[in-house]
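J.: need a structure here:
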Amino acid sequence: MEGIFQFDTKADRVPSAVLAYVGDAVLELVFRLRFAGNYRISTIHERVKEWTSKHGQARMLESLWNFLTEEEREVVKRAMNSKAAKRYGNDPLYRKSTGFEALVGYLFLKRDFQRIQQLLAVMDVEGVRKEDTGGSTQKQRSDKESFLSEDEKSR
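T.: Numbering: from 1, shown residues only. Next up, the predicted model:
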């Protein structure tokens, strides 16, 4: 399978916007595949949207923050503070989702597929609720270490 993903890119040299773009595509594919076969297309779309919307991605990042390495946190912070993340003003959900997408894109370009799988498993995304019959997949927000920069906290 790895042969299909042939690219010659150094993840640490890719701009945050590109990392987020790649990460968004990876997440879309992962979640579409997780739900394929269980529902009609419209239902698959709704389930995928729960996880890939800015709300879903921000929620995942908040839940995963304590599991990230320093290197991964730096990728997220850089993306959250990038010009691309501020495209819609200072929307914290959009900035967090951009950070999460950039992290996934970074790991994908590093070919660290196992790490992506580990992080998604923490979210109970591995085998994403195949027995889900339509109930909400939202997680309760827990009191995790904040990952907002000092200037964001003061706003």
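J.: ok, the closest residue to residue 52 other than its chain neighbours to residue 115 distance?
T.: Once flanking residues are discounted, residue 52 sits nearest to residue 27: 5.4 Å by Cβ to Cβ, 6 or more residues apart in numbering. The C-beta positions use only the backbone N, C-alpha and C, and glycine is treated the same way. As judged by Cβ to Cβ, to the nearest Å, residue 27 and residue 115 stand 14 Å apart.
J.: then residue 26?
T.: Distance, residue 26 to residue 115, using Cβ to Cβ: 12 Å.
J.: and residue 119, what's its pLDDT?
T.: As predicted, residue 119 sits at a pLDDT of 92.
J.: out of everything not next to it in sequence, what's closest to it?
T.: Using Cβ to Cβ, 6+ apart and skipping the chain neighbours, the partner closest in space to residue 119 is residue 64 (5.6 Å).
J.: mind checking how far the strand or helix carrying the one you found is from the chain centre?
T.: Applying DSSP states H and E as the criterion places residue 64 in helix 54-64. Computed by Cα atoms, centre = their mean, to the nearest Å, the chain-centroid distance of helix 54-64 equals 7 Å.
J.: what's the mean pLDDT across it?
T.: Taken as a whole, helix 54-64 carries a mean pLDDT of 92.
J.: can you name the element that comes right after it?
T.: Following helix 54-64 toward the C-terminus (DSSP H and E): helix 70-80.
J.: quick one on the thing from earlier: and the helix holding residue 64 with helix 70-80, angle?
T.: With axes from the mean of the first three to the mean of the last three Cα atoms, to 10 degrees as the basis, helix 54-64 and helix 70-80 are set at 150 degrees to each other.
J.: ranges for the helices of this protein?
T.: Assigned by DSSP state H, the chain shows helices spanning 16-35, 41-52, 54-64, 70-80, 92-109, 113-122, 150-153.
J.: tabulate the ones you listed (a markdown table), appending distance to residue 10 and mean neighbour count.
T.: Shown next, in a markdown table, are these (distance: least, Cβ to Cβ, whole Å; neighbours: other Cβ atoms under 10 Å):
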| stretch | distance to residue 10 | mean neighbour count |
| --- | --- | --- |
| helix 16-35 | 12 | 19 |
| helix 41-52 | 26 | 16 |
| helix 54-64 | 24 | 21 |
| helix 70-80 | 13 | 18 |
| helix 92-109 | 8 | 25 |
| helix 113-122 | 17 | 15 |
| helix 150-153 | 29 | 9 |
